[in-house]
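Chemist: Using only what follows, build the 3D model:
(2 chains)
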There are 2 protein chains.
Amino acid sequence: MDIVGEKAEMGVVEQRFDLEVGGEPIPGIRWMPEGATGPRPTILIGHGGTQHKRVPNVLALARRFVRHLGYSAVALDAPGHGDRITDPEAAERRRRVLQDRIAAGPGGGERVFGPEEASEWVERTTKGVTEWKTLLDELDALQAGVRYGYWGVSMGTAIGLPFVAEEPRIAAAVLGLAGLGNRPGSEQFEGSARSLRVPVLLVLQWNDELVGQQEGLSLFDAIGSMEKTAHIHPGGHVETPLFERDAYEAFFLRHLGPVD
Amino acid sequence: MDIVGEKAEMGVVEQRFDLEVGGEPIPGIRWMPEGATGPRPTILIGHGGTQHKRVPNVLALARRFVRHLGYSAVALDAPGHGDRITDPEAAERRRRVLQDRIAAGPGGGERVFGPEEASEWVERTTKGVTEWKTLLDELDALQAGVRYGYWGVSMGTAIGLPFVAEEPRIAAAVLGLAGLGNRPGSEQFEGSARSLRVPVLLVLQWNDELVGQQEGLSLFDAIGSMEKTAHIHPGGHVETPLFERDAYEAFFLRHLGPVD
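Modeler: Residues are numbered from 1 along each chain as shown, chains lettered A, B, ... in the order given. Here you go, the predicted structure:
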């Protein structure tokens, strides 16, 4: 983990780093309270599709976890996202496809994945899981005794749910805006959901243009954790109300505890 | 509103009163911070079927609202409940029927209401709504400028939802453990749900022995409020996790605000 830059703003230190995984530098950001020493609960934040490690909602969440709870937070650019985009035109095309699907409204028909898109989806998940694990190894090497949580919805759940399922170091997870449906790798995804054992807060949008109501509820059903909660709001995929951030905080505070 | 007793315990004043409605004294309790003056947000708490105004969960909630938020809380015995039971054997029979239905597990078949039980259900709702309105009139006469919320699940929703729907003085409501189904007065109930306009937090239990999943979700769909949230947990009718109380507090604080 190569620190490549650091600044502090209103009590929050923002540290940019590169994580090396398989010879590729993965750009990431770590947020922590200014002057923080000692271990503190740390939330891994997985951004959504077409987003990156420092989009407004990731940044806002990270700063809340630091300012309100005294926690640390960390985010990575997912494979093919943010500073890892190698073909800007293809990325822009993908962004427009996603926008069009959201604009088409809920129930716009079954999404059909071409073989290229399908293998890209599966590969991205596999790589993403490996990168989060490597990040945890590096964070553990920096400081022992840290309790970890994961926050990630939409693509942040597509990658994050299998990650949390295989990673005993994650003690609690906020997931959502995802479901069980006809997507690439959906059998493995469902299997991961069934194997989850940590507390999960699943956020769903009742008029999600990308995830049907039953798909989301089926994911809730599949999650194997004893403690799981679904929070459902009206509105579309990107319309989760801001007050839900209070629920994320309360959830992590309940499971990771206050800073020692 | 006749004050008939008062005690204070750990900073919480508990005042017993009788509310007169149609010549009948309705026993109630009002909780408030010791030494409280000035108006403060007040939560009306409607207990569940076979319960009464001071069962442990009502008492615990009232004390939380007082201690954590500085609010007031107030509860009434519902028609035919608590100190208003005139036929203890019939009440005990009803309690056992409810217990048996819960013990039988979810999906134990459509509940069939006899004509007597059906008219009792409808009459209880009508009376209950009138009593809550009368209570608000009395509270308003005691102190102007109070913001009111309503909390009530199960029978507390059967009575409370129509009450909140007709009562512009209630600014936010926690409801739940109820659904749209084949119950006495269900058309009026659904109509009330559709006419709701205040923020609602609807708590549902995913393995509720008395309310089917689809019945609960249909109620969520029917609620006409722009801001509504469903919180769903696994488990049966009486197994809402205790941590959900944090969500009630956050919800009321968001909508009724802090004590001036």
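Chemist: Close to chain B: what parts of the stretch 151-260 of chain A are there?
Modeler: A:206, A:213, A:217, A:220, A:226-234, A:241, A:243, A:246-247, A:250, A:254 (CB under 8 Å from any CB of the partner chain). Backbone N, C-alpha and C define where each C-beta goes, glycine included.
Chemist: show me where pLDDT drops low in chain A?
Modeler: Chain A contains residues with pLDDT under 70 at A:108-111.
Chemist: which one in it is furthest away from the centre?
Modeler: No residue in chain A sits farther from the centre than residue A:35, which is 26.6 Å out by CA atoms, centre = their mean.
Chemist: thinking again about what came up before, now the buried members of the residues of the stretch 151-260 of chain A next to chain B.
Modeler: Among these, those classed as buried by 16 or more other CB atoms under 10 Å in any protein chain shown are A:206, A:213, A:217, A:220, A:227-234, A:241, A:246-247, A:250.
Chemist: Just the ones in helices from the residues you listed, please.
Modeler: A:213, A:217, A:220, A:246-247, A:250 (DSSP state H).
Chemist: these two touch, right, residue A:77 and residue A:26?
Modeler: Yes: using CB atoms under 8 Å, residue A:77 is in contact with residue A:26, at 6.6 Å.
Chemist: Among these two, which residue is more densely surrounded?
Modeler: Legend: neighbour count by other CB atoms under 10 Å in any protein chain shown for residue A:77 and residue A:26, higher for residue A:26 (26 against 21).
Chemist: surely that one meets residue A:20?
Modeler: Yes: Residue A:26 lies in contact with residue A:20 (CB under 8 Å); the separation is 7.4 Å.
Chemist: Could I get the CA-only coordinates of stretch A:75-82 as CSV?
Modeler: Extracted in CSV, the C-alpha atoms of stretch A:75-82 (Å, rounded to 0.1, in the frame of the first residue of the first chain):
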residue,chain,number,x,y,z
ALA,A,75,-12.7,3.0,-0.9
LEU,A,76,-11.1,1.5,-4.0
ASP,A,77,-11.8,2.1,-7.7
ALA,A,78,-13.5,-1.1,-8.8
PRO,A,79,-12.1,-2.9,-11.9
GLY,A,80,-12.7,-0.9,-15.0
HIS,A,81,-13.9,2.2,-13.0
GLY,A,82,-12.5,5.6,-11.9
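Chemist: Tell me which residues are up against it.
Modeler: Stretch A:75-82 has contacts (CB atoms under 8 Å, 6 or more residues apart in numbering or on different chains) with A:19, A:26-29, A:44-47, A:49-54, A:58, A:62, A:83-84, A:86, A:91, A:120, A:123-124, A:127-128, A:131-132, A:135, A:155, A:159.
Chemist: go again using 7 Å as the cut-off
Modeler: With contact meaning CB atoms under 7 Å, 6 or more residues apart in numbering or on different chains, stretch A:75-82 is reached by A:19, A:26-29, A:45-47, A:51-53, A:58, A:62, A:83-84, A:124, A:127-128, A:131, A:135, A:155, A:159.
Chemist: from those, which ones fall inside helices?
Modeler: A:58, A:62, A:124, A:127-128, A:131, A:135, A:155, A:159.
Chemist: Let me have the residues you listed in TSV, adding neighbour count as columns.
Modeler: Conversion of these to TSV gives the following (neighbours: other CB atoms under 10 Å in any protein chain shown):
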residue	neighbour count
A:58	23
A:62	26
A:124	20
A:127	18
A:128	25
A:131	22
A:135	22
A:155	23
A:159	26
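Chemist: Closest to residue A:170 out of the residues you listed?
Modeler: residue A:135 (11.5 Å; CB to CB).
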